[in-house]
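Student: Output the structure for:
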Amino acid sequence: MDAYALLLAATLNAGTVLAIAALGLLINEKAGIVNLGAEGLMLCAAIAGFATVVHSGSDWLGFAAGMAAGALLSAIFGWLVIWLNTNQYATGLALSMFGVGFSAFVGIGYVQAQLPQRPQFNWLGLGELPVIGPALLRHHPLVYGAMLLAAALIWFLYRTRGGLVLRSVGESPESAHALGYPVRRIRLLAVVAGGALCGLAGAYLSVIYTPLWVEGMVAGKGWIALALTTFATWRPARVLLGAYLFGGVTMLQFHLQGQGVQVPSQFLTMLPYLATIVVLALISRNPTWIRVNMPASLGKPFYPGA
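Tutor: Numbers count the residues shown, from 1 in each chain. Alright, predicted model coming up:
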């Protein structure tokens with residue numbers, strides 16, 4: 001039973017990284033912008049957050065640094081694709097490759113660095129309860145924060161005027177522009193907010209989840225987060241559930257190895273990516289379903305003077 005409680009705890013922990021990043025990308029895509037640079041954003045944020053904690057000793061300053069790094073790179077990306085109308089897909093890929101190389105260069109001096117002692121959490125003093133305690137009540141606050149973020153995003157998108165405007169920009173920027181809304185600025189704000197969340201996910205990865213710095217440590221999580229938005233058909237609650245699903249698949253490999261299951265480690269390592277491909281293939285069999293839920297202007301440039 002303890003093994004399954006630990007598996008559930010690890011699933012929530014791993015899913016938090018994917019959930020925060022995917023919710024950020026969801027904000028981008030609700031505004032009609034596709035950002036393929038999530039992998040690079042998360043890597044740059046991971047080294048920014050890790051280096052900040054090494055020098056300051058504060059995890060929260062590390063999270064702020066990661067969010068600032070993600071927001072800054074996303075602002076540059078937004079300026080290129082929104083004002084200069086560069087191709088969103090090519091620009092995102094360039095950002096991803098830049099982030100991989102830049103983070104590796106900056107992080108050379110931090111490979112052997114160690115963070116201060118990590119805090120232990122025991123919420124409400126119930127962390128010692130059998131099964132429930134280790135599974136649900138010993139997590140970092142950001143694990144619960146990811147759940148609250150999903151709920152807040154649902155409320156914002158579907159219960160507020162700002163959310164309605166954001167979705168209208170993603171559906172028909174021409175109509176929103178005709179009604180007097182500053183489409184470009186709204187899209188830029190969405191891109192920066194989404195990038196900040198990707199940055200928070202990257203900082204959480206290097207400061208809490210691992211905690212260490214290794215070149216390329218995001219290891220495809222940015223791409224999985226990007227796939228999650230499609231998997232969840234652009235719904236925040238489904239993004240959260242999908243993140244925990246993929247987090248569970250990721251942790252399952254270690255659980256099976258711990259149980260002595262004789263499966264090649266290479267096969268277990270590829271499970272999360274295999275699951276991503278299978279899910280996307282299944283969803284793609286119903287293109288009508290995707291079109292109904294996908295923002296109509298996703299990936300399309302907007303020319304306000306046209």
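
Student: Can you check the pLDDT for residue 174?
Tutor: On pLDDT, residue 174 comes in at 94.

Student: Checking the residue nearest to it when sequence neighbours are not counted next. Helix, strand or coil?
Tutor: Closest residue in space to residue 174, ignoring its immediate chain neighbours: residue 302 at 7.4 Å, by C-beta to C-beta, 6 or more residues apart in numbering. (Each C-beta comes from the backbone N, C-alpha and C, glycine too.) Three-state assignment for residue 302 (DSSP: H, G, I helix; E, B strand; the rest coil): coil.

Student: And the strands in this protein?
Tutor: Listed from the start of the chain, the chain has no strands (DSSP state E) to report.

Student: where does it dip in pLDDT?
Tutor: Within the chain, the segments meeting pLDDT under 70 span 1, 257-261, 263, 265, 268, 284, 289-290, 305-306.

Student: The residue nearest to residue 174 reaches residue 182, doesn't it?
Tutor: No: counting by C-beta atoms under 8 Å, residue 182 is not a contact partner of residue 302; they are 11.3 Å apart.

Student: More neighbours: those two, which one.
Tutor: residue 302 (20 against 14; other C-beta atoms under 10 Å).

Student: tell me the contacts of the more buried one?
Tutor: Under the criterion of C-beta atoms under 8 Å, 6 or more residues apart in numbering, the contact list for residue 302 reads 32, 82, 173, 174, 177, 183, 184, 187.

Student: Filter the residues you listed down to just the ones in helices.
Tutor: Members of the contacts of residue 302 lying in helices (criterion: DSSP state H): 173, 174, 177, 183, 184, 187.

Student: Tell me, how many residues neighbour the nearest residue to the fifth one once chain neighbours are set aside?
Tutor: So that's residue 184. Counting by C-beta to C-beta, 6+ apart, residue 82 is the residue found nearest to residue 184 once chain neighbours are left out, at 5.2 Å. Taking other C-beta under 10 Å as the criterion, the count of residues near residue 82 is 23.

Student: residue contacts, residue 82?
Tutor: When the contact criterion is C-beta under 8 Å, 6+ apart, the partners of residue 82 are 33, 184, 187, 188, 191, 302.

Student: and the fifth one, how far is that from residue 92?
Tutor: In other words, residue 191. When C-beta to C-beta, to the nearest Å is the yardstick, residue 191 and residue 92 sit 11 Å from each other.

Student: same deal with the last one?
Tutor: Taking C-beta to C-beta as the measure, residue 302 falls 17 Å from residue 92.

Student: picking that back up, drop the exposed ones from the ones in helices among the contacts of residue 302 and show what's left.
Tutor: Neighbour-count burial (16 or more other C-beta atoms under 10 Å) applied to those gives 173, 177, 183, 184, 187.

Student: Identify the farthest-apart pair in those.
Tutor: The distance between the two most remote of those (C-beta to C-beta) is 11.0 Å, for 177 and 187.

Student: Now distance to residue 115 too, for the buried ones among the ones in helices among the contacts of residue 302, in JSON lines please.
Tutor: Shown next, in JSON lines, are these (distance: C-beta to C-beta, whole Å):
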{"residue": "173", "distance to residue 115": "44"}
{"residue": "177", "distance to residue 115": "47"}
{"residue": "183", "distance to residue 115": "42"}
{"residue": "184", "distance to residue 115": "40"}
{"residue": "187", "distance to residue 115": "36"}
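
Student: Could you list every helix and strand in contact with the longest helix seen in the chain?
Tutor: Here the longest helix in the chain is taken by residue count, with DSSP H as the criterion, and it is helix 2-30. When contacts are defined as 3 or more C-beta pairs under 8 Å, 6 or more residues apart in numbering; DSSP states H and E, helix 2-30 sits against helix 38-56, helix 132-136, helix 141-159, helix 161-171, helix 183-204, helix 221-231, helix 236-258.

Student: Now render the ones you listed as TSV, adding distance to residue 112.
Tutor: TSV is the format used below for the helices and strands packed on helix 2-30 (distance: least, C-beta to C-beta, whole Å):
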stretch	distance to residue 112
helix 38-56	11
helix 132-136	31
helix 141-159	26
helix 161-171	44
helix 183-204	20
helix 221-231	23
helix 236-258	24
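
Student: Which among those is found nearest to residue 272?
Tutor: Residue 272 lies closest to helix 236-258 among the helices and strands packed on helix 2-30, at 4.7 Å (C-beta to C-beta).

Student: Check the offset of that closest one from the chain's centre.
Tutor: Centre-to-centre, helix 236-258 and its host chain are 14 Å apart (C-alpha atoms, centre = their mean, to the nearest Å).

Student: Which other helices and strands does that helix contact?
Tutor: helix 2-30, helix 141-159, helix 221-231, helix 265-269, helix 271-284.

Student: mind putting the ones you listed in JSON lines, distance to residue 246 included?
Tutor: Conversion of these to JSON lines gives the following (distance: least, C-beta to C-beta, whole Å):
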{"stretch": "helix 2-30", "distance to residue 246": "6"}
{"stretch": "helix 141-159", "distance to residue 246": "14"}
{"stretch": "helix 221-231", "distance to residue 246": "6"}
{"stretch": "helix 265-269", "distance to residue 246": "14"}
{"stretch": "helix 271-284", "distance to residue 246": "6"}
